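**Student:** here is my input; please provide its structure:
(2 chains)
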Amino acid sequence: MKFTLSWLKDHLDTTASVDEIAYALTDLGLEVEEVIDPAAKLAAFTLARVTAAQQHPDADRLRVCTVLTDEGEKQIVCGAPNAREGITVVLCKPGDYVPGIDVTLSVGKIRGVESHGMMASERELELSDEHNGIIELPADSVGAEVGQKFTDWLAANRPEAVDPVFDIAITPNRPDALGVRGIARDLAARGLGMLKPLEVEPVPGGFPSPVSVSIDPALKETGCPLFAGRVIRGVTNGPSPEWLQKRLRAIGLRPISALVDITNYFTYDLNRPLHVFDMAKVAGDLRIQPAKGGEEFLALDEKTYTMRAGDMVICDDNGVESLAGIMGGEASGADETTTDVFLESAYWTPITIAATGRALKINSDARYRFERGIDPEFTLPGLELATQMVLDLCGGEASEIAMDGAVPDTTRAYRLDPARVISLVGMDIPEATQRETLTALGFTLNGDMATPPSWRPDVLGAADLVEEVARIASLTKLQGTPMARETSGVPDPILTPMQVRTRMARRMIASLGYNECVTYSFIDAASATLFGGGADATKLDNPISSEMTHMRPDLLPGLLQAAARNQARGFSDLALFEVGPAFSGGEPGEQVVQAAGLLVGQAGPRDPWGSRRPVDLYDAKADLEAALSAIGAPARAQINRKLDAWWHPGRAGTLALGPNVLASFGEVHPKTLREMGVKGPAVAFTIWLENVPFPKKKGATRPALSSSDLQAVERDFAFVVDAKVEAITAVNAALGADKKLIDSVQVFDQFTGAKAEEQMGAGKKSIALSVRLQPSDKTLTDAEIEAVSAKIIDKVAKATGGSLRG
Amino acid sequence: MQDLREKYLKAVAGVSDEAALEEIRLAALGKKGEISLKMRELGKMTPEERQTTGKALNVLKDEIDAALRAKKAALADAALDARLAEEWLDVTLPGRPRRQGTIHPVSQVMDEVTAIFADMGFAVAEGPQIEDDWHNFDALNIAPEHPARQEHDTFFMNRAEGDNRPPHVLRTHTSPVQIRAMLDQGAPIRVIAPGRVYRMDMDQTHTPMFHQVEGMAIGRDISMANLKWVLEEFCKAFFEVDGVELRFRASHFPFTEPSAEVDIRCSWKGGSLKIGEGDDWMEILGSGMMHPKVLEAGGIDPNEWQGFAFGMGIDRLAMLKYGIPDLRAFFESDLRWLKHYGFNALDLPTVFGGLSR
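**Tutor:** Numbers count the residues shown, from 1 in each chain, chains lettered A, B, ... in the order given. This next block holds a predicted model:
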């Protein structure tokens, strides 16, 4: 919303400065986005008089002028055809910045003659496009004396040229501030001046309106409670007067014709949108009714809209003439030939206007205001004021008012509780001040009940009274008051076990050398589908790009895309991770927290120690186990090969407790890598953080350490087994041989491949176990060790179908 | 005897390897060594002779023995020194590689924010990111036709044919967590709710996903002045400066009344941001007293309870505090960016140990 200082002063009697007004506006909640003060860039320039002008010795078109300035006579070389003795000019001195040519002046030599400044044209000072000559001020104009500031002269003689323009942001709750008068009212309530009275003199009608109006009963409640207008005959629709054109231009509007300019002026001045129909183009009476659907309507924005059934429109015998409250029609619009008009002032309900405008995607000043809610009580006064202005500017004769419907009753009252205001705001605002504030804003106080003015549809409860009082009192003045904790002493922990776990997982994985990424929660359909998602339930109705159409079913596709982007930049060895939500469906709550890590390329750089080797599934597994251990997962989950499609079927595993899947890890399926554009090798892990059972809280006490002083014994065994026998089978069998005595079993070697098969037979491999025996009551004898060893060999052989390697 | 002493001590001093030293030991102190033989001769002496000679022999024996041991140790040391001198390695070669991981600035700042508010008694609440429109809008006093709803640039979820419920949305703010927390816990309550939010907006300074932290405190007499203090304390702790100055500006949010936008005093001198000094004001968050209708939607009686709520951008806080220029880069996972702006895994922000190094 833009307005100028002089426009504001039409409504506000004030001596406040531009800065004071700007500060107050922002503080009141009418945030100033910009103040354009045209005087600022002209502040340096002063008036001067040319006392002599002589031809330049070396240039036909230049004159050497002697100029009387506030600093005495100066010599200035000038090329303007009107530079001559006796004229009063605007002087720019060396050191001054001249905005229109973007130059800071210095003393110069022009064709050998020194020049101490310049005399400016209108264009050089950005006052207009005029550049045929330098500015000549009428010698008899107010303040046209040598040494005077040019801005003072402008203020006295061309005030609009130095009229500051305010541009403010209006929050959706303040439709009243979409008119200059509403802004003036806020400032007056703040104490920055007096709101001038607005006199409304009804214009008597000279004849009955030849057009009658009617509102379809279905719309009186929900769309158009009141529609009024009148015919004005014999108008002349030429250009509007200079002052009106200047005002509109100052706020960025293009003057069109007197009638159109008047409607725009009322929109911005009093927040009273109006419409003018050209009677020559209207057939019969005007009816406000729901569209049948399918009608085509050419609006004033020169676009054709197809009505939906039920859209509220104004029709005559020709059909749709206006999209009610949003935009008039091209067919019945006023132009320079217009002589008879119908001037409309109506109250349209916000919800209907918002819904129609949104559906048809039309933005207009009218829609913007009606959907926020204009003052219903001002419908008829606005019509009277506008009639008067049409008569004043365009002439003609007004008819009686034709109308249907009535001003909707918006009367309501809320209790002002001064103590509650103080308690909520935390500021000591005396009751009298609170009441004065509300009165100044147009509220009617009856005892402790406050009735909001008709132009404040946003005030819908006692809390809104608090807001009005607080913002006029100035929240800038609010002083912070300490807020004690609810309990004294050392506070309890505030994170939930899951929140603690999420942080632990994140920091553990980072400490394992992974770089944390935050990738978008939405991905493209192809990637989503590749990772088990892509269903319609997780689809966005209005995605911002084709790369972001579906909620991600898993974190890996985002990490793989990140890896591909980094590879494209020349980084091939990557360790990336993310902890965040994955979405299984489109309902609230169909989301889980995953922690996923991705290793791509080589495990280390090229170095003298041979650290460079491709990452493999055991890298991923080690990191997964470290992360699981950090979040307190049970040590012995089962590993199975129930794998999602994006894992290598032979080189990946799933960790589960029964049906409860904790994590998957391994190589990413080569096809998946190819489709995601990632150059392998790539291994990964995904943890479903919520699925890992939380340990039962047993207090902080640890069980006593049981350690034996007796010598432990280690024995190694090698078994020949089928190549696809899993080591865990042998380990578990060995552990089961004597649960009391066997402390641990480690796989310390495996021998596979062609050489192994050569020695041990086709399809065979060897695995080597180290078993640690820990006696608890007496040292083991050789015989006892032999007995346990025999049991181990027996159990492992049975479990794996293999035999001790001879 | 004096000759013997000189002979052997000289021999010991002149020896340069352990084998020669052993030979000297045998020649002097071995079973058939010169001194051992002399000891045997003591038996043939008179008791007086025996006493003086014996004593002298013992002294001599001890002296030679000590010399032998000292020489042996010296030779061993010299041998070790020689070996160590051979064992030289190039210590400037790289150690075995260890990857250095990083924490994303968003996670780090969330932890910082959590640490500060935890100290002021706020717990951490969470909620779903796909929300129903009641939680995201209606319960927050944003009616379906409210102009504010259009200004949210909402992402809507697809609705299956025949499912006539209003479409779910990607939460446009963390405020719906207010409603869920109130319904879960009732009053009094103090929570913050950090998390991802979504708006249909993508340009130089906007991304369709970003992060907010919501704050809410409800009690019997919690005021807007308390809100200001909490935010002042937060800013002071977060930006790690001694003094901050906040300015409340009246504004409008459907879910608070009165509402205020909050600016912080800062300076942009020399292109770098300094909080707490200078003549500029920068908007950092929106806040206000909770609207009675929002309290009611959360099952809390607005006649009994009152409180404040605020919301601020976590990504923006990170950008301001750590001088990160471009929001879009947060979500691009450029390894160089992750390493440059990321944090060490062990830099866990705490109030007692400090938020940042």
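**Student:** and B:Lys71, what helix or strand is that in?
**Tutor:** Taking DSSP states H and E as the criterion, B:Lys71 maps to helix B:47-86.
**Student:** buried set for that helix?
**Tutor:** B:53, B:57, B:60-61, B:64, B:67-68, B:71-72, B:75 (16 or more other Cβ atoms under 10 Å in any protein chain shown). All C-beta spots, glycine's among them, are computed from the backbone N, C-alpha and C.
**Student:** chain A next: which of those are close?
**Tutor:** Near chain A, judged by Cβ under 8 Å from any Cβ of the partner chain, there are no entries from the buried residues of helix B:47-86.
**Student:** quick check, pLDDT for the one residue in the stretch 201-350 of chain B that gets nearest to chain A.
**Tutor:** Nearest residue of the stretch 201-350 of chain B to chain A (Cβ to the nearest Cβ) works out as B:Ala225 at 2.6 Å. With respect to pLDDT, B:Ala225 scores 96.
**Student:** what about the residue most central in space within chain A, distance to chain B?
**Tutor:** Geometric centre of chain A, nearest residue: A:Ile544, 13.6 Å, by Cα atoms, centre = their mean. Computed as Cβ to the nearest Cβ, to the nearest Å, the A:Ile544 to chain B distance reads 5 Å.
**Student:** just confirm that residue is within a strand.
**Tutor:** No - assigned with DSSP: H, G, I helix; E, B strand; the rest coil, A:Ile544 falls outside any strand and is coil.
**Student:** for it, give me the pLDDT.
**Tutor:** 93.
**Student:** likewise for B:Glu6?
**Tutor:** 87.
**Student:** and what of A:Glu384?
**Tutor:** So, for A:Glu384, pLDDT stands at 97.
**Student:** could you tell me whether it really is in a strand?
**Tutor:** No - assessed with three-state DSSP, A:Glu384 is helix; it does not lie in a strand.
**Student:** the residue of the stretch 201-350 of chain B closest to chain A: what's it in contact with?
**Tutor:** Shown in contact with B:Ala225 (Cβ atoms under 8 Å, 6 or more residues apart in numbering or on different chains): A:425-427, A:478-481.
**Student:** next: A:Gly206.
**Tutor:** A:397-399.
**Student:** roughly how far apart are it and chain B?
**Tutor:** 41 Å.
**Student:** so the chain: which segments form each domain?
**Tutor:** You didn't say which chain, so I picked chain A. Chain A resolves into domains spanning A:2-37+A:164-195, A:40-162, A:213-405, A:414-475, A:497-691, A:713-804 when parsed by automatic domain parsing.
**Student:** actually chain B
**Tutor:** Per automatic domain parsing, the structural domains of chain B span B:2-86, B:105-341.
**Student:** just name the most buried of the ones you listed.
**Tutor:** domain B:105-341 (a mean of 20; mean count of other Cβ atoms under 10 Å in any protein chain shown).
**Student:** in the chain, where is pLDDT below threshold?
**Tutor:** No chain in the question, so chain A it is. Judged against pLDDT under 70, chain A has no low-scoring part.
**Student:** can you look at chain B instead?
**Tutor:** In chain B, residues with pLDDT under 70: B:147-148, B:151.
**Student:** who's sitting farthest from the centroid in it?
**Tutor:** B:Thr46 (86.4 Å).
**Student:** name the nearest residue to residue 109, sequence neighbours excluded.
**Tutor:** Just so you know, I chose chain A. Sequence neighbours aside, A:Ser115 is the residue nearest to A:Lys109 in space, at 7.1 Å (criterion: Cβ to Cβ, 6 or more residues apart in numbering or on different chains).
**Student:** oops, wrong one, chain B.
**Tutor:** B:Val109 sits nearest to B:Ala318 (Cβ to Cβ, 6+ apart), 4.4 Å away.
**Student:** for A:Leu460, same thing?
**Tutor:** That would be A:Arg412: by Cβ to Cβ, 6+ apart, it lies 7.9 Å from A:Leu460.
**Student:** just give the nearest non-adjacent residue to the closest residue to chain B within the stretch 451-600 of chain A, would you?
**Tutor:** Chain B sits closest to A:Gly513 of the stretch 451-600 of chain A, with a gap of 2.7 Å, by Cβ to the nearest Cβ. Leaving aside its chain neighbours, A:Gly513 sits nearest to B:Arg99 (2.7 Å; criterion: Cβ to Cβ, 6+ apart).
**Student:** surely the one you found is in contact with A:Ser511?
**Tutor:** No - between B:Arg99 and A:Ser511 there is no contact under Cβ atoms under 8 Å: 10.0 Å.
**Student:** thinking again about what came up before, what's the farthest-apart pair in the buried residues of helix B:47-86?
**Tutor:** Within the buried residues of helix B:47-86, B:Thr53 and B:Leu75 form the most distant pair, 32.3 Å apart (Cβ to Cβ).
**Student:** need the contact partners of the host helix or strand of A:Ile351.
**Tutor:** A:Ile351 belongs to helix A:350-360 when assigned by DSSP H and E. By Cβ under 8 Å, 6+ apart, the surrounding residues in contact with helix A:350-360 are A:219, A:222-224, A:305, A:308, A:311-312, A:323-326, A:363-364, A:367, A:370-373, A:457, B:145, B:147, B:150.
**Student:** looking at those, which are in helices?
**Tutor:** A:219, A:222, A:367, A:370, B:147, B:150 (DSSP state H).
**Student:** good, we can wrap up now.
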